[in-house]
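**Student:** quick one, what's the 3D model for this:
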Amino acid sequence: MRLLLNFADCYPVALAFLLLTIPSKPVLAEPTYTTFDCPGVGSAQPIALNDNGVIAGHCGLYGFIRAADASIVTFSVSGADMTYVSGINGNGDVVGTYTFSGGTAQGYLRAADGTVTILDELYATAINDSGVITGVTKNEQGFVRDVDGTTTTFAVPNASQTYPEAINSSGEITGHAALNECCGILRGFVRTPGGKLIQFKAPGNVTEAYGINSHGDVTGSYGSGGFIRSSDGTITTFQVVKPRFLIYPAINDHRAIVGSYEKEEVDYPCDHGCTGFLKARDGTIRKIKVPVYGNAEPLAINNKGWIAGSYVIGGGGAPHGFIRTP
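**Tutor:** You can find the predicted model right below:
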């Protein structure tokens, strides 16, 4: 005998079945923030991060390296008043600048084994995994230093100052240059491994390039926000909030970009704490704030999506380090 049920009898069962079979929206895991300071110093300013999770930066008068196991080693160039860090590569080699004799500055290379090489009259800003270094000369030109120590200087045409900021695995360099014209005009540039210089600009008079990934994509700031310049030369601008200049954007090989901006419309540095951001490849933008303290200044992102930077306590004071893992 066929059993017949009316709709009222079947509805609860059907509804339960539908609820069980409809795919649920995936819940994204919340990122983890780990904060840290240099031992005995009480502060930390992370600057660079490699794919092994090693962070380099400075704290107080010293440079520091934070290993993936969270151990921290501080260091100082012999005879230095202060030691600053500007870059780290995948091997753990660190470059930066130190001051001595009342403010005179000089560049240095600290190898992963701790050996320090002084870079005479050069201010190092970045190093790639091959050990090629870029930065600024004493005369405010750009330079590239090969692993054998051979140094080549270069200058963007019609520029009074050339500031390389980053170098990728292929040896492409990006940065910005102050043009001779007038009025604080800055243009971005890319220098190919063969030495060709390519100038570019985002809208307005100020284009500052700060990061380049292994594909040749460049990120930076212009007067009203940030930009990404693809390797084919296409420039796409973006805004995190209302028109606001972005601070030191960085980019990884997945075209994810991190950086920060002032909470108020005042000049850098973030005296009262920055608001950080993460722009994903699909254009989605999320704010980055260290829990409890409500501010963050991300300066580096690696190819695992780990982010390093600093935050302040109580709206000011010394910076403290953080690493954000997905």
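**Student:** which residue ranges form the helices in the protein?
**Tutor:** With DSSP state H as the criterion, the chain has helices at 7-21.
**Student:** okay, now the unreliable bits of it?
**Tutor:** 1-28, 181-182, 263-273, 315 (pLDDT under 70).
**Student:** what about 90?
**Tutor:** 1-30, 101-103, 180-184, 223-224, 241-246, 261-274, 294, 314-317 (pLDDT under 90).
**Student:** give me the number of residues near Ala280?
**Tutor:** By the criterion of other Cβ atoms under 10 Å, Ala280 has 13 neighbours. To be clear about C-beta, it is placed using only N, CA and C from the backbone, and glycine gets the same treatment.
**Student:** you'd agree it is up against Ala256?
**Tutor:** Yes - counting by Cβ atoms under 8 Å, Ala280 does reach Ala256; the two are 5.7 Å apart.
**Student:** ramachandran coordinates for Ser130?
**Tutor:** Backbone torsions of Ser130, given as degrees, to the nearest 10, read phi -80, psi -10.
**Student:** OK, contacts around it?
**Tutor:** Val147, Ser169, Gly171 (Cβ atoms under 8 Å, 6 or more residues apart in numbering).
**Student:** separation between Leu186 and Gly92?
**Tutor:** As judged by Cβ to Cβ, to the nearest Å, Leu186 and Gly92 stand 33 Å apart.
**Student:** out of the two, which sits in the busier spot?
**Tutor:** The residue with more neighbours, out of Leu186 and Gly92, is Leu186; 21 against 16, by other Cβ under 10 Å.
**Student:** distance check, the more buried one against Thr174.
**Tutor:** For Leu186 relative to Thr174 (Cβ to Cβ), the value is 13 Å.
**Student:** what's the overlap in contacts for those two?
**Tutor:** With Cβ under 8 Å, 6+ apart, Leu186 and Thr174 have no common neighbours.
**Student:** end-to-end on stretch 121-131?
**Tutor:** This stretch, stretch 121-131, spans 19 Å end to end (Cα to Cα, to the nearest Å).
**Student:** distance between that stretch and the chain's centre?
**Tutor:** 15 Å (Cα atoms, centre = their mean, to the nearest Å).
**Student:** next, the buried residues of stretch 97-107.
**Tutor:** Using 16 or more other Cβ atoms under 10 Å as the test for burial, stretch 97-107 gives Thr97, Tyr98, Thr99, Ala105, Gln106, Gly107.
**Student:** quick check, distance from that stretch to the centre of its chain.
**Tutor:** Worked out by Cα atoms, centre = their mean, stretch 97-107 lies 24 Å from the chain centre.
**Student:** output it as CSV, nothing but the C-alphas.
**Tutor:** Extracted in CSV, the C-alpha atoms of stretch 97-107 (Å, rounded to 0.1, in the frame of the first residue of the first chain):
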residue,chain,number,x,y,z
THR,A,97,73.2,52.2,7.1
TYR,A,98,75.0,53.2,10.3
THR,A,99,76.1,56.5,11.7
PHE,A,100,79.3,57.5,13.4
SER,A,101,81.4,60.5,14.4
GLY,A,102,78.5,62.8,15.1
GLY,A,103,76.1,61.7,12.3
THR,A,104,78.3,60.7,9.4
ALA,A,105,76.5,57.8,7.6
GLN,A,106,77.9,54.8,5.8
GLY,A,107,76.3,51.6,4.4
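**Student:** list of residues touching that stretch?
**Tutor:** Taking Cβ under 8 Å, 6+ apart as the rule, stretch 97-107 contacts 76-77, 79-84, 86, 95-96, 108, 118-124, 135.
**Student:** again, 6 Å this time
**Tutor:** Contacting residues not belonging to stretch 97-107 are listed as Val77, Gly79, Ala80, Asp81, Met82, Thr83, Tyr84, Tyr108, Leu119, Leu122, Tyr123, Ala124 [Cβ atoms under 6 Å, 6 or more residues apart in numbering].
**Student:** among these, the buried ones, what's the PyMOL command?
**Tutor:** In PyMOL, this line selects whichever of the contacts of stretch 97-107 come out buried by 16+ other Cβ under 10 Å:
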select buried, resi 77+80+82+83+84+108+119+122+123+124
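**Student:** pretty sure His176 contacts Arg191?
**Tutor:** No - look at His176 against Arg191 with Cβ atoms under 6 Å: they stay out of range, at 11.9 Å.
**Student:** between the two, which is the more surrounded one?
**Tutor:** Per other Cβ under 10 Å, whichever of His176 and Arg191 has more neighbours is His176, with 26 against 22.
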